[in-house]
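Student: the sequence isn't on hand, but the structure is:
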C-alpha cells in the first residue's frame, strides 16, 4: 500500500502506477494532508480545485484497476462520504480512539474523584 499526500502526488500517481503498480495492492489518499498541501482544511470539501484533484485520483485508480483505501471515521454522514469507492477502510485509529475514550474516561474520573485540598494544596490541571 502506498499513500498519496499532496496534489503533486495525485498528479504523479499515473506515472507511479505505470512504473510499479504491479507491486502495489492499494493506494491510500491522505486527504487531510493533501488538502493542507493545497491550502484547505478538513478531510473533505467542495472547492473546485479539490474536486478536480479527487476526480483525477479516482480516475487514475480506475485506469490502473487499483484499490482505493482510507479512513471512514466520524458521524454516519461523514462515514458515508469517506467510505465512497473504497475497498479497504480503517474504521478506527489509535489517536482518535485514545482521544475519544480518553476524554470520556477523564470526564468520568472528574465525577468520581473531585478536586480535593490535600494538606492545603489544591492543584488541578485541566486538559
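Tutor: Right, received. Where do you want to start? Just so it is clear, the model here is predicted, and its values are computed rather than measured.
Student: next up, the contacts around the closest residue to residue 45 other than its chain neighbours.
Tutor: Using C-beta to C-beta, 6 or more residues apart in numbering and skipping the chain neighbours, the partner closest in space to residue 45 is residue 35 (6.8 Å). For the C-beta atoms, the positions are set from N, CA and C on the backbone; glycine is no exception. Residue 35 makes contact with 41, 42, 43, 44, 45, 50, according to C-beta atoms under 8 Å, 6 or more residues apart in numbering.
Student: residue 55 versus residue 35, what's the distance?
Tutor: With distances taken as C-beta to C-beta, to the nearest Å, residue 35 is found 15 Å from residue 55.
Student: residue 36 too?
Tutor: 19 Å.
Student: likewise for residue 29?
Tutor: Residue 29 is 12 Å from residue 55, by C-beta to C-beta.
Student: ok, now residue 104?
Tutor: In terms of C-beta to C-beta, residue 104 sits 39 Å off from residue 55.
Student: next: residue 72.
Tutor: Relative to residue 55, and taking C-beta to C-beta, residue 72 is found at 20 Å.
Student: what about the two, which has more around it?
Tutor: residue 72 (16 against 11; other C-beta atoms under 10 Å).
Student: that one and residue 14, how far apart?
Tutor: Counting by C-beta to C-beta, the gap from residue 72 to residue 14 is 26 Å.
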